Structure formats: structure tokens, C-alpha cells
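K.L.:
here are the coordinates; sequence isn't available:
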């Protein structure tokens, strides 16, 4: 088409503008390329210097080109290498405009010029032309197919998103960092722009928030001419780890023989109830560093304490409890409590050495005084001594049996009162007894046993026999001391040593 602007150089017009248009289809739009030719055709004016025309922007003159279609107007400025020319001659410029598909809609092309310089024409000059028919040129890249390595996950963990897409016809996917665009939807914030990527995979660390049901990703492929539609990933179900509080110990400091580990119920979030608690400890011997974490086992999600009486004496211990969520998700579905303070396994008391007896030979109903050195508790206070006895009635030692606990480091005892062995009342003459002792502190920790006492041997009764109902029977002799009867134990000298006398008829 030709646009004839009016001018003051003469009539008919000496300057004409010829507009041609070509177009190609680009997906949902058509690219129209308009070429404008300004032609200086004839001259009858008096001043050759006035016979100049401008095309595009330049010194003294502006020129705009308008395209109107269906009530919409698009405007561009033409530019050319030379802003004017002299008679006779032509100048050409071009511009492209992408317009939504308007097949069948007429195009109105207009030129606006401003008077200035040697160009004496001004105003808007327009004409109408039919819309050219566009032919396909390229297609969009395919919509990406998106996958994730997790179907459910914990908030704060990472998920890897990967995808595939094909180039469009005559529209290759870009080969630099902007070839794909990725966004994340979730947390009630709508689509969050992660950015442009240069490869078909991305690892996203999901922000640490307290509540969200699911997230989703979508990706588009950027082609050389146009982009694909967004491809959506499957939704990823999110869960929040349980929130675990502090742990308390009883006893909370010092020594322990048995420790009670307690905690408050962990805070559980929607879809992830607490399934169990796992208990762990670290240990350190005196002067050494802490070990790694060792398991004490687990308890149910409704149990809030655990009692432990293990450990190595003298070692220090500290504890931690882990709340484990019940949701089946990828990643570590647990939260650890803060680490407790340390407590020390109670020490063993020292052995009560130096066990001795006041006598080594007594009559069957006699008694002895046992004594020993005091023991050190090492943890807490000394609570008791345990005295035990072993008996040999002539067929071998029977084994030790406890006869008494005492807080003192001495004990008066008589074999005739023992009930753990095979006799009633006084043991038979010739029986042997030996003793041992151990100490216990206030944590209930027992020392090792002392060495055996000297062996105690029971001698026959001493004294005088008298007839009783025609049978000679041993008689015991007593004498009065301070108003009390005291038994007489006759002895005889043998090799300068007094020996208890046997019984004779």
C-alpha cells in the first residue's frame, strides 16, 4: 500500500511512503514485519534545498509508525542509517511487531511526521490493508515431564527435582543458564520464583516452617523463540518432626547406682505422631573424653521415663532422648533432646581387711569376738558390714551363709545360734567355722569380701561327770561373780600352752 502525505512542496505530492508487510506464525502470535520506503519522486519547487525528506528519527524531525487492529494500536519508531535524502532518491527502514493471531482483521497503518528541518510535511497519514496470512514457522518446546525423588518428606530436608523436555520445531531449547525456569508452590505463599537453571535437575532445601500439607514444583523450557507451558511435579506431602524438650535425671548430680531418666511428651505435628522414644548415653572414664552415643533401647511413644542401673564404676555418664515420628517419610524423622548434665557411677567401698577372732578354740556353746579394719565408702557413706560364716561338720565346708549385718566393725557371735547348717542347737565337737566380711555404702554398692578369718574349732565340753538316772552325764561348773553365775572352763597345760580339757568318765 502507498501513503500519500500532503506537503507544501507542490501538488501532486513529491514524497510518497510505501508500506509492505510480511508475517510468520510464532505459536499463539504472528510476527508482522513492516517495511517502509520513502520515495522522492519529482520536483517543481524553487529551492532544491527544500526538497529533502526524512525517514526515521534524526536531526530536527521525528517519525512514528502506527499499526491499528481490532481497536488496538501499536506504535514504533523507524530508524535508518541516514535521516534524510535529496531529490531524487529513496530510503528504506523496517520494524517487526508481534501481534496475537488476528487472521482476517484489517490493519490500519499510519505515519506521523513533524515539520522540521527541510521536511515541510506534518500530520498523520494512514491507509488500510488486509491482514496477510501467516504460515507456521516454529512451535513451542514440549511441556516438561517433572519427577521428584521423594513423595513425602520432612520440612527442612532437601528434595531433588528432575525433568525432561523436547525442543520445538525450529525452536531449540536454550543452551545457557536460562534454559529452564522453576518455581515452588506451598506454605500459603503461592508460586515462589526459584529462578532460571542451566540443567534439567535441581536440589531444593525446603524451608523450616511449622505447617504445610504439601508442595509442588513446575518448570517451563525456554526455547530460542518461545517457551513451553509449565509442567507440574507430583505433590510432595510434608511433615514436621516432633519437637523434643529437655531431659531430667534422678539423681541429677553426683553419684548414682540406678538413674531414672525422665522427659515431657514431645510436641507432635499433624500426620506425624510420636511412635517411640530412643534413649542414648555417652560415657567417659576419669581423665578421658566422651565416647560416641550408645543405645539404651527404646520405649513406646506414651512412656516418658526409663530406669538404668548399668555402667562402669567411676565412669561419668550423660544422656539424650530422641523422639521418633510415626509418619513414613524419606529422611530422619526424629528430633534429639538437649544433652543432660553428667553423673558418675557409684564407686565400690574399700575391702574391710584385718579380720581376726578373739579365740580359735571354743566349746560347742561358746562365742567369739570378730573384729576388722573399717572400710572407706568411696561414694556416699558407709551403711553396713555383712558377716557370713562357713561350716565344716567333718565332711567338708558347706559354703558361706550370712549371719548378721552390723554398722560396727566388730561382732560377737556364737555357732550354737546358726540355723543355715545341718545341726540343731549346739554344733558337734570337732566342727570348724571360718568367717568373712564385706562393706556396703549408701548407694547399695558392696565391697569385695575380706580374707577368711582364722579357723575356729569346737572342743568337747569340759568338766565333771555325774550319774543321772544311772548314766554318767557331763556337768558344767559355774561360780558366782558379782552376783552372776559364770561358767568355769578347765584347761590344762601342754607344751607350755593351755589347752581346753576333754571330757572323761
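P.N.:
Cool, got the structure. Values in this document were obtained by computation on a predicted structure and should not be read as measured data.
K.L.:
so for stretch 416-434, what gets flagged as buried?
P.N.:
Within stretch 416-434, the residues scored as buried using 16 or more other CB atoms under 10 Å are 416, 421, 426-427, 431-434. The C-beta positions use only the backbone N, C-alpha and C, and glycine is treated the same way.
K.L.:
ok, so of those, who is nearest residue 213?
P.N.:
Residue 213 has its nearest neighbour among the buried residues of stretch 416-434 in residue 421, at 76.7 Å by CB to CB.
K.L.:
can you tell me the element the closest residue in space to that closest one that isn't next to it in sequence falls in?
P.N.:
Excluding its sequence neighbours, the residue lying closest to residue 421 (CB to CB, 6 or more residues apart in numbering) is residue 391, at 4.5 Å. Using DSSP states H and E, residue 391 falls within strand 382-392.
K.L.:
name the helices or strands packed onto the next helix-or-strand element following that strand?
P.N.:
Counting by DSSP H and E, the element after strand 382-392 in chain order, helix or strand, is strand 401-406. Here strand 401-406 touches strand 382-392, strand 410-413, going by 3 or more CB pairs under 8 Å, 6 or more residues apart in numbering; DSSP states H and E.
K.L.:
by contact count, what packs against the shortest one?
P.N.:
Going back to what we said before, that points to strand 410-413. By 3+ CB pairs under 8 Å, 6+ apart, strand 410-413 packs against strand 368-371, strand 382-392, strand 401-406.
K.L.:
what are the pairing partners of that strand, and which direction each?
P.N.:
Strand 410-413 has the following strand partners under DSSP bridges: strand 368-371 (antiparallel).
K.L.:
contacting residues around the strand it pairs with?
P.N.:
Residues outside strand 368-371 that contact it (CB atoms under 8 Å, 6 or more residues apart in numbering): 354-359, 362, 387, 409-414, 435, 437, 453, 456.
K.L.:
most widely separated two among the buried residues of stretch 416-434?
P.N.:
Spanning the widest gap among those are 426 and 434, at 18.4 Å by CB to CB.
K.L.:
tell me the pLDDT of the residue nearest to residue 421.
P.N.:
As predicted, residue 391 sits at a pLDDT of 96.
K.L.:
show me where the stretch 251-400 of the chain dips below the pLDDT cut-off.
P.N.:
For the stretch 251-400 of the chain, no stretch is flagged by pLDDT under 70.
K.L.:
what about residue 306, how many neighbours?
P.N.:
19 (other CB atoms under 10 Å).
K.L.:
list the contacts of it.
P.N.:
Contacts of residue 306 by CB under 8 Å, 6+ apart are 260-261, 277, 279, 296-297, 299.
K.L.:
repeat that for 7 Å
P.N.:
Going by CB atoms under 7 Å, 6 or more residues apart in numbering, residue 306 touches 261, 279, 296, 299.
K.L.:
kindly report the same for residue 299.
P.N.:
276-277, 306.
K.L.:
before we move on, back to that, and the angle from the strand holding residue 391 to strand 401-406?
P.N.:
150 degrees (axes from the mean of the first three to the mean of the last three CA atoms, to 10 degrees).
K.L.:
who does strand 382-392 touch, helix- and strand-wise?
P.N.:
strand 401-406, strand 432-441 (3 or more CB pairs under 7 Å, 6 or more residues apart in numbering; DSSP states H and E).
K.L.:
which one of those strands is the most hemmed in?
P.N.:
Sort those by mean neighbour count, taking mean count of other CB atoms under 10 Å, and strand 432-441 sits at the top with a mean of 22.
K.L.:
tell me the first helix or strand C-terminal of that strand.
P.N.:
Criterion used, DSSP H and E; the element after strand 432-441 is strand 456-458.
K.L.:
can you name every helix or strand that that following strand contacts?
P.N.:
Going by 3+ CB pairs under 7 Å, 6+ apart, strand 456-458 lies up against strand 361-362, strand 432-441.
K.L.:
quick one: work out the angle between the longest one and strand 382-392.
P.N.:
Comparing the axes of strand 432-441 and strand 382-392 via the same axes, to 10 degrees yields an angle of 160 degrees.
K.L.:
what is the mean pLDDT for strand 432-441?
P.N.:
Averaging pLDDT along strand 432-441 yields 97.
K.L.:
any chance of the helices and strands packed on strand 382-392 in TSV, with distance to residue 247 too?
P.N.:
As requested, those are exported to TSV (distance: least, CB to CB, whole Å):
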stretch	distance to residue 247
strand 401-406	37
strand 432-441	27
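K.L.:
to residue 249, which of the ones you listed lies closest?
P.N.:
strand 432-441 (20.0 Å).
K.L.:
contacts for the closest one, please.
P.N.:
349, 352, 355, 370, 372, 375, 377-392, 400, 415, 446-450, 452-453, 455-457.
K.L.:
and if you look at stretch 177-189?
P.N.:
The list of residues contacting stretch 177-189 from outside it, by CB under 7 Å, 6+ apart, reads 173, 191-198, 200, 202, 204, 209, 212, 214-222.
K.L.:
cool, stretch 155-168 as well?
P.N.:
Contacts of stretch 155-168 (CB under 7 Å, 6+ apart): 138-142, 144-150, 153, 173, 200-206, 208-209, 212, 217, 219, 221, 223, 228, 231, 233, 236, 238, 240, 331.
K.L.:
buried members of the residues you listed into ChimeraX, please.
P.N.:
Burial among the contacts of stretch 155-168 is assessed by 16+ other CB under 10 Å; the matching ChimeraX selection reads:
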select :138,139,140,141,142,144,146,148,150,153,173,200,202,204,206,212,217,219,221,223,228,231,233,236,238,240,331
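K.L.:
now, the contacts of stretch 155-168 that are in strands?
P.N.:
138, 145-148, 153, 201-205, 217, 219, 221, 231, 236, 238 (DSSP state E).
K.L.:
now, of the helices and strands packed on strand 401-406, which is deepest in the fold?
P.N.:
Burial of the helices and strands packed on strand 401-406 is given as mean neighbour count (mean count of other CB under 10 Å); strand 382-392 ranks first at a mean of 20.
K.L.:
residue contacts, residue 344?
P.N.:
Here residue 344 is in contact with 255, 314, 316 (CB under 7 Å, 6+ apart).
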